[in-house]
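Colleague: Generate a structure from the sequence data that follows.
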Amino acid sequence: MTLSEPAALLILPRLRIQNANAISSPLTWGFPAPTAFTGFVHALSRRIAARLDLECEGVAIVCHHFEPQVSQPAGRRTYTFSLTRNPVDKDGSTAAIVEEGRAHLDVTLVVGVRGAGLYSGMERQGMAQDVWAEVLTMRIAGGSVLPPISRNGRSRGPELIEWLNTPEQQRAITRKISRVLIPGFALVSREARLQQHLEWLRQSNPDATAIDALLDLSRLNFEPPADGELEWTIRPKSGWLVPIPVGYAAISRLYGPGEVKNVRDRTVPFRFVESVLSLGEWVSPHRVENICDLFWYHRADPERGIYRCTTPAYSNQLS
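Modeller: A predicted model of the protein is given here:
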């Protein structure tokens, strides 16, 4: 699938998200899954399409602050999630607790925009404010969206910037936007790095699997002393690599609308799925030459039963 570049970039700066979901897969916890943000952009696009004649596709995710809601019990080295106290049952006994991991975070989102509304004559800053008002009524990763905190009586608002055609103009726009994004780190996918590491593991262990490679890249690996050395060392890693859930894989056939009971929407086809894990990396935005390289996009392959998202510019890179 060939990607078309956006006509404009919508910058949603320093969004504060409270009580976002911090458990995005059966094996990982922490920063919300990229699908939470691509899903938010899809929902935003549907909300503004009719009114503003705009379409949103692609989103860069830049995190400035992440605060998991955890505590460390006295005498323990591990942390536990700070859970809500549920009401008691009818008989007065304590209700069962379903663990819900939550986190507060500050993020800036850069969204790709296209559509006839950009050329309708409406002032672009007014359009950005219109979208901004819609964003503040929505949720991201299950968390409430709050505007930026005012500093010295001023806070940065949204911007809608035309995305020009030449590489020189695009680099200039990227440099301008990067000043808004730092300090912060952008999340990108590194699938090729995961495959490369799997091949390296199989040189010594032919039975190694992709989950072995993901675990090996995500943890600290202590190496024994080499000849002439006395101390154990930590195996160096290239980049800030993290395991991330990137979508879902089918574990059943595709059922027709209404064929399965108790689904959310009985008017569309349905299938059972499980989480897909991959490798991600946090990169500094000031090192990026084209801001669109940070964009996450939905990718669906119903024939194979794969529904996921990725950053095409980074997923195939080995360095």
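
Colleague: C-alpha only now, for contacts and for neighbours.
Modeller: OK.

Colleague: With adjacent residues omitted, what lies nearest to the residue most central in space within the chain?
Modeller: With the centre of the chain defined as its mean C-alpha position, the nearest residue by Cα atoms, centre = their mean is Pro34, 2.2 Å away. Nearest residue to Pro34, sequence neighbours excluded (Cα to Cα, 6 or more residues apart in numbering): Val246, at 6.3 Å.

Colleague: residues in contact with the one you found?
Modeller: Neighbour list for Val246: Ala33, Pro34, Thr35, Ser275, Val276, Leu277, Ser278, Arg308, Cys309, Thr310 [criterion: Cα atoms under 8 Å, 6 or more residues apart in numbering].

Colleague: Who does the fourth one form a beta bridge with?
Modeller: Note on Ser275: beta-bridge partners by DSSP bridges are Tyr248.

Colleague: circling back: from the contacts of Val246, which land in helices?
Modeller: If you go by DSSP state H, the contacts of Val246 have Pro34, Thr35 in helices.

Colleague: one step back: what's the helix or strand for the residue nearest to Pro34?
Modeller: For Val246, the host element (DSSP states H and E) is strand 240-250.

Colleague: buried sites along that strand?
Modeller: With burial defined by 16 or more other Cα atoms under 10 Å, the residues of strand 240-250 counted as buried are Leu241, Val242, Pro243, Ile244, Pro245, Val246, Gly247, Tyr248, Ala249, Ala250.

Colleague: For the residue nearest to Ser315 when sequence neighbours are not counted, what are phi and psi?
Modeller: The shortest distance from Ser315 to any non-neighbouring residue, by Cα to Cα, 6+ apart, is to Arg190 (4.5 Å). Arg190 adopts backbone torsions of phi -130, psi 60, taken as degrees, to the nearest 10.

Colleague: How many neighbouring residues does Arg190 have?
Modeller: Using other Cα atoms under 10 Å, Arg190 is surrounded by 25 other residues.

Colleague: Equivalent analysis for the one 4 residues further on, please.
Modeller: When neighbours are counted by other Cα under 10 Å, Leu194 registers 23.

Colleague: before we move on, the earlier item: same question for the strand holding Val246, mean pLDDT?
Modeller: Averaged across strand 240-250, pLDDT comes to 94.

Colleague: List every C-alpha atom in it, with coordinates, as PDB.
Modeller: This file holds the C-alpha atoms of strand 240-250, laid out as PDB (Å, rounded to 0.1, in the frame of the first residue of the first chain):
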ATOM      1  CA  TRP A 240      15.800   2.800  23.900                       C
ATOM      2  CA  LEU A 241      14.000  -0.400  22.900                       C
ATOM      3  CA  VAL A 242      10.700  -1.400  24.400                       C
ATOM      4  CA  PRO A 243       8.100  -4.200  23.800                       C
ATOM      5  CA  ILE A 244       4.800  -2.800  22.600                       C
ATOM      6  CA  PRO A 245       1.400  -4.200  21.600                       C
ATOM      7  CA  VAL A 246       0.700  -3.100  18.000                       C
ATOM      8  CA  GLY A 247      -2.600  -4.700  17.200                       C
ATOM      9  CA  TYR A 248      -4.500  -8.000  17.000                       C
ATOM     10  CA  ALA A 249      -4.300 -11.400  15.200                       C
ATOM     11  CA  ALA A 250      -7.400 -13.500  14.500                       C
END
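
Colleague: With pLDDT and distance to Asn290 as extra columns, can I get the contacts of Val246 in CSV?
Modeller: Output for the contacts of Val246, formatted as CSV (pLDDT from 0 to 100; distance: Cα to Cα, whole Å):
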residue, pLDDT, distance to Asn290
Ala33, 94, 23
Pro34, 95, 20
Thr35, 95, 22
Ser275, 93, 30
Val276, 94, 28
Leu277, 94, 26
Ser278, 94, 24
Arg308, 93, 23
Cys309, 94, 19
Thr310, 94, 16
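
Colleague: For the contacts of Val246, which entry has the maximal number of neighbours?
Modeller: In these, the most neighbours by other Cα under 10 Å go to Pro34, 27 neighbours.

Colleague: Please report how far the residue nearest to Ser315 lies from Pro285.
Modeller: 16 Å (Cα to Cα, to the nearest Å).
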